[in-house]
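# here is my input, please return the structure:
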Amino acid sequence: MQRRDFLATTAAAGLAVAIPARAQARQQPGAAPSAPGMFKLNYAPHLGMFKHHAGEDPLDQLRFMADEGFRAFEDNGMADRPPELQSKMGDEMEKLGIAMGVFVVSPATSWKNGIAKADKAAQDQFLADCRRAIEVAKRTRATWMTVVPGTLEPRMEMGYQTAHVIDLLRRGSEVLQPHNLVMVLEPLNPWRDHPNMFLSKVPQAHMVCAAVNSPACKILFDLYHQQITEGNLIPNIDLAWQHTPYFQIGDNPGRNEPGTGEINYRNIFKHIHSKGFKGILGMEHGNSKPGKEGERAVIDAYRAADSF
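Residues are numbered from 1 along each chain as shown. Okay, the predicted model is just below:
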């Protein structure tokens, strides 16, 4: 298959949310989508989503994504991949014009207890993971990384826990900000998938980001989780807009591609696009059908939802 050569749009001056400079540098300023099949927004598949078409090799999977018009990619587990592979994937994404999305700051420890109660060992581990993430970001040309502040402490008032989390995130921001890196806080739904997590709602994440008051601490607005937890998606997108450089996608119920559940993704994508969003929307969901048929169904679902 011949890879399509395509241009990606960059943020216009003055927009509240934009792909940061390190991602913009790989795109031509002011260019409009021109290649056949290019999406209006920067949807980001992950490894394994198209393996029946592309095979197991991560670089071949990236090439398939580019062939299909995707211009972003995310990989929760990137920090735990061998450094040599991180560099190869970063080089390949740069060649293809694909922007790197989120990876999880500490895949092995992100669910660890202790952050909300100010456990020193947990705090030290988090800051060490932030420092390690700088090197991962350099290899992969990444800007954003996911942070989950861990579990609630049942024997401590919520106000104290919130103060502890804010303090630690300020310290993490001091590590990341000099490198123009951004941690994005992900609220997780407590009703179905992640009980007892400290961070569960976007308004809560908005308050924490406002208190941290750093460009290195923002929100990962996962539309699947927030449909379960609070709904009211478009108004909450608007209210949290100043702190939201990154979205993730998954329909509900099922956590599969758009069109398989109750969320009207066409209207949501249209709204996000109308606000001038130039960030990334991670496709953090499964395929509703197996094999090549299921992979093609995912691509078709995004074509339909992106056709506003």
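
# alpha carbons only for contacts and neighbour counts from here, please
Fine.

# mind listing the strands for the stretch 1-150 of the chain?
Using DSSP state E, counting those that start in this stretch, the strands of the stretch 1-150 of the chain run over residues 42-44, 72-73, 99-100, 103-104, 144-147.

# what's the mean pLDDT across stretch 235-247?
Averaged over stretch 235-247, pLDDT sits at 98.

# and that stretch, end to end?
End-to-end distance of stretch 235-247 (C-alpha to C-alpha, to the nearest Å): 15 Å.

# now the helix or strand where residue 299 lies, how far from the centre of its chain.
Following DSSP states H and E, the helix or strand that holds residue 299 is helix 291-305. Here helix 291-305 is found 20 Å from its chain centre; the criterion is C-alpha atoms, centre = their mean, to the nearest Å.

# mind listing what's buried along that helix?
294, 295, 297, 298, 299, 301, 302, 303, 305 (16 or more other C-alpha atoms under 10 Å).

# and for stretch 147-154?
147, 148, 149, 150, 151, 152, 153.

# reformat the strands of the stretch 1-150 of the chain as a markdown table; add mean pLDDT.
Output for the strands of the stretch 1-150 of the chain, formatted as a markdown table (pLDDT from 0 to 100):
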| stretch | mean pLDDT |
| --- | --- |
| strand 42-44 | 98 |
| strand 72-73 | 98 |
| strand 99-100 | 98 |
| strand 103-104 | 97 |
| strand 144-147 | 97 |
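
# which among those strands is found nearest to residue 82?
Evaluated over the strands of the stretch 1-150 of the chain, closeness to residue 82 peaks at strand 103-104, with 13.9 Å, by C-alpha to C-alpha.

# what's the closest one in contact with?
Under the criterion C-alpha atoms under 8 Å, 6 or more residues apart in numbering, residues 74, 75, 76, 77, 78, 79, 110, 144, 145, 146, 147 lie in contact with strand 103-104.

# just checking: what are the partner strands of it?
strand 144-147 (parallel) (DSSP bridges).

# mind showing which ranges of the stretch 101-250 of the chain have poor pLDDT?
107-112 (pLDDT under 70).

# again, only this time at 80
Along the stretch 101-250 of the chain, the model assigns pLDDT under 80 to residues 106-113.

# excluding its backbone neighbours, what's nearest residue 169?
residue 212 (6.7 Å; C-alpha to C-alpha, 6 or more residues apart in numbering).

# tell me the contacts of the closest residue to residue 143 other than its chain neighbours?
Spatial nearest neighbour of residue 143, chain neighbours left out: residue 181 (4.9 Å); criterion: C-alpha to C-alpha, 6+ apart. Contacts here follow C-alpha under 8 Å, 6+ apart; on that basis residue 181 touches 134, 142, 143, 144, 145, 216.

# residue 253 now?
260, 261, 262.

# which of these has the largest number of neighbours?
Highest neighbour count within the contacts of residue 253, by other C-alpha atoms under 10 Å: residue 260, with 18 neighbours.

# which SS state does it fall under?
Secondary structure, DSSP: H, G, I helix; E, B strand; the rest coil: residue 260 is coil.

# tell me the pLDDT of it.
Confidence score, pLDDT, at residue 260: 98.

# ditto for residue 37
77.

# thought it was touching residue 67?
No: at 9.0 Å, residue 37 and residue 67 do not qualify as touching, with contact defined as C-alpha atoms under 8 Å.

# helices or strands up against the top helix by length along the chain?
Of all segments of type helix in the chain, defined using DSSP state H, the longest is helix 120-140. Judged by 3 or more C-alpha pairs under 8 Å, 6 or more residues apart in numbering; DSSP states H and E, helix 120-140 is in contact with helix 83-96, helix 158-176.

# how far away from the center of its chain is that helix?
The answer for helix 120-140 is 17 Å, by C-alpha atoms, centre = their mean.

# need the residues that contact that helix.
Under C-alpha under 8 Å, 6+ apart, the answer for helix 120-140 is 78-79, 83, 86-87, 89-91, 100, 105-106, 112-115, 142-143, 145, 168, 171-172, 175-176, 179, 181.

# just the CA coordinates for the helix holding residue 299, please, in CSV.
The C-alpha trace of helix 291-305 is given here as CSV (Å, rounded to 0.1, in the frame of the first residue of the first chain):
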residue,chain,number,x,y,z
GLY,A,291,-10.9,-9.3,13.0
LYS,A,292,-10.5,-7.1,9.9
GLU,A,293,-14.3,-6.5,9.8
GLY,A,294,-14.2,-5.0,13.2
GLU,A,295,-11.2,-2.8,12.4
ARG,A,296,-12.8,-1.5,9.3
ALA,A,297,-16.0,-0.9,11.4
VAL,A,298,-13.9,1.3,13.7
ILE,A,299,-12.6,3.4,10.8
ASP,A,300,-16.0,3.7,9.3
ALA,A,301,-17.5,4.8,12.6
TYR,A,302,-15.0,7.7,12.8
ARG,A,303,-15.7,8.6,9.2
ALA,A,304,-19.4,8.9,10.0
ALA,A,305,-18.9,10.8,13.3
